[in-house]
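Visitor: Mind folding the following:
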Amino acid sequence: MVKFGALALAVAALSASNVDAFAGPRSHAAASGSSARSSALRMSTSSYPTTAEDILWTPSWKTGERDEALGPIGKYCEDLYRVTRRKTRTVNCGPVKFGSDHPIVRQTMATTATADVDGTIEQVMRCADKGFDLVRITVQGKREANAADKIREGLFKKGYDIPLCADMHFQPVVAQLVADAVEKIRINPGNFADGRKDFEEKVYESEADYVQEREYLVEAMLPLVEKCKKLDRCMRIGTNHGSLSSRVLSFYGDTPRGMVESAIEFADICRSQDYHNFVFSMKASNPLVMVQSYRLLAAEMYRMDWDYPLHLGVTEAGEGEDGRMKSAVGIGTLLADGLGDTVRVSLTEDPEFEYEPCNRLAEIATDRLADLNPEAAQRQAAVPTYVDTRDITTFSRRQGALPEKKDTDTIDVSGILNENGSVISAVTPEMLQEENVQYLYQELGCKTAVGMPFKDVATSDSIFLRSVPSSDDAAARTALRRLAEVNMGIIVPAEELEKDPLPNAIALMELKDAIAKDGALPAGAIRLAVTIHGTESEDELKQIKDFDPALVLLRASDEVSNLHASRRVFEILKAADITTSVIHHFQTDTAESDELALQMGMKIGSLLSDGAGDGVLVEQTGDSSPFSVDFVRRTSFSLLQGCRMRNTKTEFVSCPSCGRTLFDLQETTAKIQESTGHLPGVTVAVMGCIVNGPGEMADADFGYVGTLPGKIDLYYGKEVVRKNVPEAEAVDGLVDLIKEYGMWKDLDEEESEVEAVAA
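Guide: Purely as a prediction, here's the structure:
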């Protein structure tokens, strides 16, 4: 058992509220009136704790002491069935306030060198004019700290009071210096006091051995906490999945739990000084890890009675639709839970371009809040009662069953879905006409040989037709037959097949119609598929099992909340042991590609990130279809890859650039993507500096990291295998490295032609 110091035990004996500097949460308090007693204690005490021994640390999770003291972990959000913001305290950051009583704060990070005072001032002004509420700048050393003072002064002179946040790594003393100039300090618990990136495994025989090393954390943090408290500065305790300290890695592993415990440890130091003007973040490049970490931290704060705000972000999300999609999956999932008080969308683009997705995510989240939007409240209340049994302390994905082959089948139906996640493309009869069909094959991601299609790694698994070409249209019917012969499902509404049968089609029925017809198929149909809307009764949903459909399309009614109605459906299917694959049928009338990525990430990704769903069908509605089949297909596969389901291309972990970056990140990333973007299952990290080096790219197979101006280190996993490679040779060196480790695949000539046509 961990021992507490004498001062800590004295404070604990007197009890305290959740605001008390020394004590743990209100759950530790033995009686009412504790706040007054703690205030008296503070007045009578000459100083706050100055050593690790005297701090009352949060009881250990690993030994079970926390469960004994506070009970088991419970809720992670205000309401599982109604979108309500988690109640958080107000944290002051200059003129900006974080917390549930205030709008969600939008922020970004400057990409200029902080020592370039004039350039940074100009970029911060552009960000402020765009609409951002806060801008973070890089502070590597005293030179940048002095520059930050000039930047702050220069902005004030130009009439800009937008708060600045200093991004600190490795430099506790410099953090104290820059606190004089800026409104907020971001510290990374993984390297603020322990910056070792050696990944050497330590062995701790006991909890006592682990906590014995807290003293150096206290020595590094206390002066900064005192400075921030004195100047009323804000702090972000920003844990990153890839940069946990070697100490935390050895004790907790590279896990969400390790991230949470690392942050709590630093928060305990802040609280020991009666300093509460801070927020938390739990960033990761993997949206699923990010979501689990934030939820776990929120759950811990609920049981400890802490109310600190959360800053949301997916780190190193990348660029373009992929970066926006990945951010929407992670950030959107948490905002839908009512978690999050400030947001940053990290893109490998100029910071001004981060505003639109950042602002849009905040807008969508605000529109969902039941307290502010009566229509949203009505849709959430309209969802039939259910019990949410999700376990946020772990992740498990529902594995939908693939259709089984029957003796009477003339085609192999097992290929109409993919066990790792399916993409179904909506097409029209016109696309199947003779003059269009070869182009359609390419749009669907097929390879072709002498005009015949066959599936590739990122080919649509099935297609969806609202109507079928006439049986008199021999060319269109031949095209459909050829697609079916290469295991592509042809999904058509049953009423259309009754008018004009199509051999080997999958007949789609509303569940209620399937019940009324007892699942009878139209002539020629080989399998049944059913559409559900989340409004069906539990008994109706249980009847899915009786019909054994090839798949279920889930398209929530406009009358109910898509998130909650879908969660209810999956709860009922789980309880009834129904394993039929469920495909999210997403309809959209947007004409903006960025908006499509954000909508898909928030509305579908928030379910897939919980393991709820087996694929996606995106159908364009309205008078026009602005996106090609190819674009929608690629975007759908990006969603599955962002949700860690199905890899169909190289995964890039790319930092968003900042003042530390030692090369042109956008240009270099584009070159690397062009050279290596065709390698499914391979993850490449592109990092501008060593701060975002081996730790931040923990999930990557290969790394490209700036170390000195014009010099690059290349990594295999977390190991540097080539040092100080000239930048002009580094991309080719990365390709050679991938080949050396047997993970390279040549982009053949035919595939190059297809890529060129698609582009």
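
Visitor: doesn't T669 fall inside a strand?
Guide: No - under DSSP: H, G, I helix; E, B strand; the rest coil, T669 sits outside any strand and is assigned helix.

Visitor: That one: how many residues sit nearby?
Guide: 23 (other CB atoms under 10 Å). Heads up, the C-betas are built off the backbone N, CA and C, glycines and all.

Visitor: same thing with A476?
Guide: There are 21 residues near A476, going by other CB under 10 Å.

Visitor: gap between it and R466?
Guide: 14 Å (CB to CB, to the nearest Å).

Visitor: now I578
Guide: I578 is 27 Å from R466, by CB to CB.

Visitor: Quick check: nearest residue in space to R303, chain neighbours excluded?
Guide: L70 (4.9 Å; CB to CB, 6 or more residues apart in numbering).

Visitor: Any chance of the backbone angles for the one you found?
Guide: Dihedral pair for L70: phi -120, psi -10, per degrees, to the nearest 10.

Visitor: how much space between it and M452?
Guide: 64 Å.

Visitor: These two: which has the busier surroundings?
Guide: L70 (21 against 12).

Visitor: I'd guessed that one sits against E300; true?
Guide: No - the pair L70 / E300 is not scored as a contact, 9.1 Å apart, by CB atoms under 8 Å.

Visitor: Model confidence score at the residue nearest to R303, please.
Guide: Note on L70: pLDDT of 96.

Visitor: Helix, strand, or coil at T531?
Guide: T531 ends up strand, using three-state DSSP.

Visitor: Check D713 too.
Guide: D713 - assigned by three-state DSSP - is strand.

Visitor: ok, what's across the strand from it?
Guide: Note on D713: beta-bridge partners V705, judged by DSSP bridges.

Visitor: Quick one: neighbours of it, just the number.
Guide: So D713, with other CB under 10 Å, has 21 neighbours.

Visitor: from what I can see it touches F702, true?
Guide: No - the pair D713 and F702 does not pass the contact test of CB under 8 Å, sitting 11.4 Å apart.

Visitor: which ones are touching the residue lying closest to I578 once chain neighbours are set aside?
Guide: Excluding its sequence neighbours, the residue lying closest to I578 (CB to CB, 6+ apart) is K545, at 5.0 Å. By CB atoms under 8 Å, 6 or more residues apart in numbering, the contact list for K545 reads A576, D577, I578, T580.

Visitor: Switch those residues over to CSV, and while doing so, append distance to V616 to every line.
Guide: What follows is the contacts of K545, written out as CSV (distance: CB to CB, whole Å):
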residue, distance to V616
A576, 23
D577, 24
I578, 20
T580, 16
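
Visitor: Just the buried ones from those?
Guide: Buried subset of those (neighbour count, 16 or more other CB atoms under 10 Å): I578, T580.

Visitor: Out of the contacts of K545, which is nearest to F631?
Guide: T580 (29.0 Å; CB to CB).

Visitor: What is the three-state secondary structure of the nearest residue to the closest one once chain neighbours are set aside?
Guide: In space, and not counting its chain neighbours, T580 is closest to V552: 5.3 Å by CB to CB, 6+ apart. Classification of V552 using three-state DSSP returns strand.

Visitor: For V552, name its beta-bridge partners.
Guide: V530, V582.

Visitor: Please tell me how far it sits from K542.
Guide: 13 Å.

Visitor: Does K326 touch M602 like I think?
Guide: No - if you go by CB under 8 Å, K326 and M602 don't touch, sitting 11.9 Å apart.

Visitor: quick one: which of those two has more around it?
Guide: K326 (31 against 25).

Visitor: That one and A507, how far apart?
Guide: Taken as CB to CB, the span from K326 to A507 is 36 Å.

Visitor: Share the number of residues neighbouring the closest residue to V105 other than its chain neighbours, please.
Guide: Closest residue to V105 in three dimensions, ignoring its sequence neighbours and counting by CB to CB, 6+ apart: T342, at 3.8 Å. Using other CB under 10 Å, T342 has 27 neighbouring residues.

Visitor: Start the count at 9 instead of 1 going forward.
Guide: I'll keep to 9 as the first residue from here, and by that count the last item is T350.

Visitor: residue farthest from the centroid of this structure?
Guide: In terms of distance from the mean C-alpha position of the chain, D480 ranks first, at 48.8 Å (CA atoms, centre = their mean).

Visitor: Using the three-state scheme, assign that one.
Guide: D480 ends up coil, using three-state DSSP.

Visitor: phi, psi of it?
Guide: Per degrees, to the nearest 10, the backbone of D480 is at phi -80, psi -20.

Visitor: what about it, distance to D508?
Guide: For D480, the distance to D508 - CB to CB - is 9 Å.

Visitor: Run through the stretch 9-158 of the chain and note the low-pLDDT ranges.
Guide: 9-54 (pLDDT under 70).

Visitor: quick one: the strands in it?
Guide: If DSSP state E, counting those that start in this stretch is used as the criterion, the strands of the stretch 9-158 of the chain fall at 99-101, 104-106, 113-117, 142-146.

Visitor: At which residues are the strands of the stretch 409-558 of the chain located?
Guide: Under DSSP E, counting those that start in this stretch, the stretch 409-558 of the chain gives strands at 430-435, 455-457, 460-462, 470-473, 497-501, 513-518, 533-540.

Visitor: how much does the last one deviate in direction from strand 513-518?
Guide: Angle of strand 533-540 versus strand 513-518, following axes from the mean of the first three to the mean of the last three CA atoms, to 10 degrees, is 30 degrees.

Visitor: Same check on the fifth one?
Guide: Between strand 497-501 and strand 513-518, the angle comes out at 40 degrees (the same axes, to 10 degrees).

Visitor: partners of strand 497-501 in the sheet?
Guide: strand 470-473 (parallel), strand 513-518 (parallel).

Visitor: Only C-alpha atoms, please: export stretch 341-351 in CSV.
Guide: The C-alpha trace of stretch 341-351 is given here as CSV (Å, rounded to 0.1, in the frame of the first residue of the first chain):
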residue,chain,number,x,y,z
THR,A,341,-17.8,11.1,-30.9
LEU,A,342,-16.9,12.9,-27.7
LEU,A,343,-18.9,16.0,-28.5
ALA,A,344,-22.0,13.7,-29.1
ASP,A,345,-21.4,12.5,-25.5
GLY,A,346,-21.5,16.0,-24.2
LEU,A,347,-17.7,16.0,-23.6
GLY,A,348,-15.4,18.8,-24.6
ASP,A,349,-15.1,22.5,-23.9
THR,A,350,-12.5,23.5,-26.5
VAL,A,351,-11.5,22.0,-29.8
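
Visitor: could you give the mean pLDDT of that stretch?
Guide: Here the average pLDDT along stretch 341-351 is 97.

Visitor: How about stretch 172-187?
Guide: 91.

Visitor: Show me which parts of that stretch are buried, residue by residue.
Guide: So for stretch 172-187, counting by 16+ other CB under 10 Å, buried means 172-180, 182-187.

Visitor: Same check on stretch 448-459?
Guide: L448, Y449, Q450, E451, L452, G453, C454, K455.

Visitor: Stretch 501-510 too?
Guide: Neighbour-count burial for stretch 501-510 [16+ other CB under 10 Å]: P501, A502, E504, L505, D508, P509, L510.

Visitor: show me what contacts the residue nearest to V113?
Guide: F106, I112, V113, R114, Q115, D141, L142, V287, P317, L318, H319, L320.

Visitor: which among those residues end up buried?
Guide: F106, I112, V113, R114, Q115, D141, L142, V287, P317, L318, H319, L320.

Visitor: and which of the residues you listed is nearest to A605?
Guide: Nearest member of the buried ones among the contacts of T350 to A605, counting by CB to CB, is L320, at 17.2 Å.
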